[in-house]
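Enquirer: have a look; sequence and predicted model below, questions after that.
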There are 2 protein chains.
Amino acid sequence: VHRPNSGDQGLHAAPLDPVTDRGVDEFEAIDGLRARFERAARARVPNGPIPPPGELWIGDDAAVVAPTGQAPLVLATDLVVGGVHVDLELCSPSDIGYKAMMVTVSDLAAMGARPDYALLSMAAPAGTDLDALGQGVAEAAAVCGCVVVGGDLSAGAVLVVSMAVAGSLDPADHPGADLGADAGSGGTGLTRSGARPGDALVVTGPLGASAAGLRLLRHGRPGQGDDGRFDALSQAYRRPTARVAEGRLARRCGATAAVDVSDGLLADVGHLLDASGVGAALFDIPAAAGATTEEAQGGGEEYELVIATPDPEGMAAAFRGEGLRPFHIIGRCTDRPGERLLDGRPIETTGWRHRF
Amino acid sequence: VHRPNSGDQGLHAAPLDPVTDRGVDEFEAIDGLRARFERAARARVPNGPIPPPGELWIGDDAAVVAPTGQAPLVLATDLVVGGVHVDLELCSPSDIGYKAMMVTVSDLAAMGARPDYALLSMAAPAGTDLDALGQGVAEAAAVCGCVVVGGDLSAGAVLVVSMAVAGSLDPADHPGADLGADAGSGGTGLTRSGARPGDALVVTGPLGASAAGLRLLRHGRPGQGDDGRFDALSQAYRRPTARVAEGRLARRCGATAAVDVSDGLLADVGHLLDASGVGAALFDIPAAAGATTEEAQGGGEEYELVIATPDPEGMAAAFRGEGLRPFHIIGRCTDRPGERLLDGRPIETTGWRHRF
């Protein structure tokens, strides 16, 4: 389960902001649903642990299931809702399609998985340019090497685009595959829960571009001469990139954990640390050119990956070798669970939450 | 791609009816999207036919993909949209969850596939009882032997519940598995396109119950003494049943084609006949107790299966042997493509279409 958003709470204008003080918190709701679905799974898994050994269900970036005798299957779904995740005034239909595909693939990227097959499920008001929307989905699918094999289309009062993606854990990406070790087992991919004290935390790119792009789009173009930056930042908001190659290579390099930056860097690092039962001392969080420190630390919808690795030097060399952008070291895991330091000072790591 | 609906056009009250004379027809939109997605697939499949041999993409009840060296994977997604597919005044949140799961599984049932893993993607307005909705999803999943392994949850102005299901083609269901023939290949399941002249057309149960249930729910309970019928019909609308066992057994018995009755019997039979390039002479369409002839022929959201088989007697014996309800023979395929006869008279086979 993954929670996309269009920036931290402060970035939402009032009419787009579904947060209220009343109602059920998103994470509480998910915990309740998870318990229900695990109980219901007894119909299929009468004995033994749920999920079965080697499987991951609700709670990480994507689910990993292992059909008997088959390679593991990585499954994820994400929603883009008009007026919540995308401001329909600021994004074209093609941008929305592109984004819906990318944010879902990003969940697989954060597992070190390869996206293979996608389904598009969409409710759209009359007058929606479905062809342009489909063009955006198709462009993103081509970039990700994923194919759209089915879908469902309905009338609806509000635009809702849901993608589901099925992917795989390439045995060639298995840690140690280079060394001739047993690469037959796909494992469960790069979970959120494997980080260990001493691991470096890295991020695959500078942050805050998406939030800064949304800010600029809302408040108009900057002055003369800033068009290049405006275009780059607005593109980061409208057409994010899932870091598939980075996730796969990190897994191959023996990274211990990963998460994508969808709720905001500090929030998502918090998810990884909580799941791994470690603390962290963070520093030097890289801001994209034109983004504020607040946007870099708290802006969501980035889709860069945060990766924990015991061997940042080796991974850096591998990134260079594959021609990927260099990543940024932003901290180190500590053996004090709950510890959250930024530049030596304790911080909160909460982010965007939907309320119902 | 599958098009759920809440009955034929005549059954929609005005505020629920998204059909207009303007805009793009659903099937035209799907054809356009299909062409786009197939072109984009060249990024992954540079040479050879698209879809690759042994795969089915957009156009049948579900997609069938065949990852290298793995058993075929059957994928489908469906939407339930508040105010379009479900009248929120007539269905509880738990009914909506139940229905969303069942209508998606029904697409797999129509392929003779087994549902394995489901993802729940949901946009919900504040105040939605997510726990009750999840309970309905969990109940339906348990009935289908499917497990919910992930999802996404968002705020949204309108309730939209999208499910995606991944399933498999059990080698034991392969035609000829009983005879010791090659049961290793999963094939592409029970498509819409395999019916041949002379095949019998059968339906797994009487029809019109869902449409009649909607009618009764809209116009109030019948008089004294009809409570049993009211309950049965309203339940058919609120909590349909996917015919998974029937689809799997039909495949095992060598059925040639199948489709689920989601758009209305005549419309869905039309889809099967068009895909198979055959005609049909229909007769004796069974109406559920309390349903009108029009509801039986045109009411959607039934989720009974229409199956084409060269051996209805053998299949009937197999259904008896497994303790399944007897199916109804409703016609025979002819060698005149485009021929559509009902009780000897030519008919139109159009059904519900969303417009955009």
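Expert: Noted; the coordinates are in hand. Numbering: from 1, shown residues only, chains lettered A, B, ... in the order given.
Enquirer: from here on, just use CA atoms for contacts and neighbour counts.
Expert: OK.
Enquirer: which residue does the stretch 251-356 of chain A have closest to chain B?
Expert: In the stretch 251-356 of chain A, the residue that lies nearest chain B is residue A:356 (3.9 Å; CA to the nearest CA).
Enquirer: kindly state the pLDDT recorded for the residue lying closest to that residue once chain neighbours are set aside?
Expert: Of all residues not flanking residue A:356 in the chain, residue B:126 sits nearest, at 3.9 Å (CA to CA, 6 or more residues apart in numbering or on different chains). At residue B:126, the model reports a pLDDT of 91.
Enquirer: quick check: residue A:33 touching residue B:133?
Expert: No. With contacts counted by CA atoms under 8 Å, residue A:33 stays clear of residue B:133, the gap being 9.1 Å.
Enquirer: more crowded one of these two?
Expert: residue A:33 (24 against 20; other CA atoms under 10 Å in any protein chain shown).
Enquirer: where along the stretch 1-150 of chain A do the strands fall?
Expert: A:63-65, A:73-81, A:114-124, A:147-155 (DSSP state E, counting those that start in this stretch).
Enquirer: packing partners of the third one?
Expert: Based on contacts counted as 3 or more CA pairs under 8 Å, 6 or more residues apart in numbering or on different chains; DSSP states H and E, the elements that strand A:114-124 packs against are helix A:93-109, strand A:147-155, strand A:160-168, strand B:73-81, strand B:160-168.
Enquirer: so which of those gets nearest residue B:231?
Expert: Of all the helices and strands packed on strand A:114-124, strand B:73-81 sits nearest to residue B:231, with 22.1 Å by CA to CA.
Enquirer: can you tell me if the closest one touches chain A.
Expert: Yes. Shown here: strand B:73-81 in contact with chain A (CA under 8 Å from any CA of the partner chain) through B:75-79, B:81.
Enquirer: of all the residues you listed, which two lie farthest apart?
Expert: By the measure CA to CA, B:75 and B:81 form the most distant pair in these, at 20.3 Å.
Enquirer: of those two, who's got more company?
Expert: residue B:75 (34 against 29).
Enquirer: follow-up on the earlier one: TSV please, covering the helices and strands packed on strand A:114-124 and showing mean pLDDT and distance to residue B:263.
Expert: What follows is the helices and strands packed on strand A:114-124, written out as TSV (pLDDT from 0 to 100; distance: least, CA to CA, whole Å):
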stretch	mean pLDDT	distance to residue B:263
helix A:93-109	97	27
strand A:147-155	95	13
strand A:160-168	97	22
strand B:73-81	96	13
strand B:160-168	97	18
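Enquirer: please name whichever of these is nearest to residue B:325.
Expert: Distance to residue B:325, taken as CA to CA, is lowest for strand B:160-168 among the helices and strands packed on strand A:114-124, at 23.9 Å.
Enquirer: so what strands line up beside that closest one?
Expert: Strand B:160-168 sits in its sheet next to strand B:73-81 (antiparallel), strand B:114-124 (antiparallel), going by DSSP bridges.
Enquirer: what angle separates that strand from helix B:93-109?
Expert: 40 degrees (axes from the mean of the first three to the mean of the last three CA atoms, to 10 degrees).
Enquirer: and after strand B:160-168, which helix or strand comes next?
Expert: Sequence order places strand B:200-203 as the next helix or strand after strand B:160-168, per DSSP states H and E.
Enquirer: and the gap between the residue of the stretch 51-200 of chain A found nearest chain B and residue B:155?
Expert: Closest approach between the stretch 51-200 of chain A and chain B, counting by CA to the nearest CA: residue A:126, at 3.9 Å. Distance of residue A:126 to residue B:155, computed by CA to CA, to the nearest Å: 21 Å.
Enquirer: ok, the two, which is more surrounded?
Expert: When residue A:126 and residue B:155 are compared for neighbours, residue B:155 comes out ahead with 24 against 21, by other CA under 10 Å.
Enquirer: looking at it, the more buried one is touching residue B:127, isn't it?
Expert: No. Shown here, residue B:155 and residue B:127 do not form a contact pair, counting by CA under 8 Å, at 10.3 Å.
Enquirer: got any residues that touch both of these two?
Expert: residue A:356 (CA atoms under 8 Å, 6 or more residues apart in numbering or on different chains).
Enquirer: so what's the residue count around residue A:31?
Expert: Neighbours of residue A:31 (other CA under 10 Å): 12.
Enquirer: pLDDT (mean, whole number) over stretch A:296-313?
Expert: The model assigns stretch A:296-313 a mean pLDDT of 95.
Enquirer: hmm, I was thinking of stretch A:338-351
Expert: Across stretch A:338-351, the per-residue pLDDT values average to 86.
Enquirer: show me how far that stretch is from its chain's centre.
Expert: Centre-to-centre, stretch A:338-351 and its host chain are 21 Å apart (CA atoms, centre = their mean, to the nearest Å).
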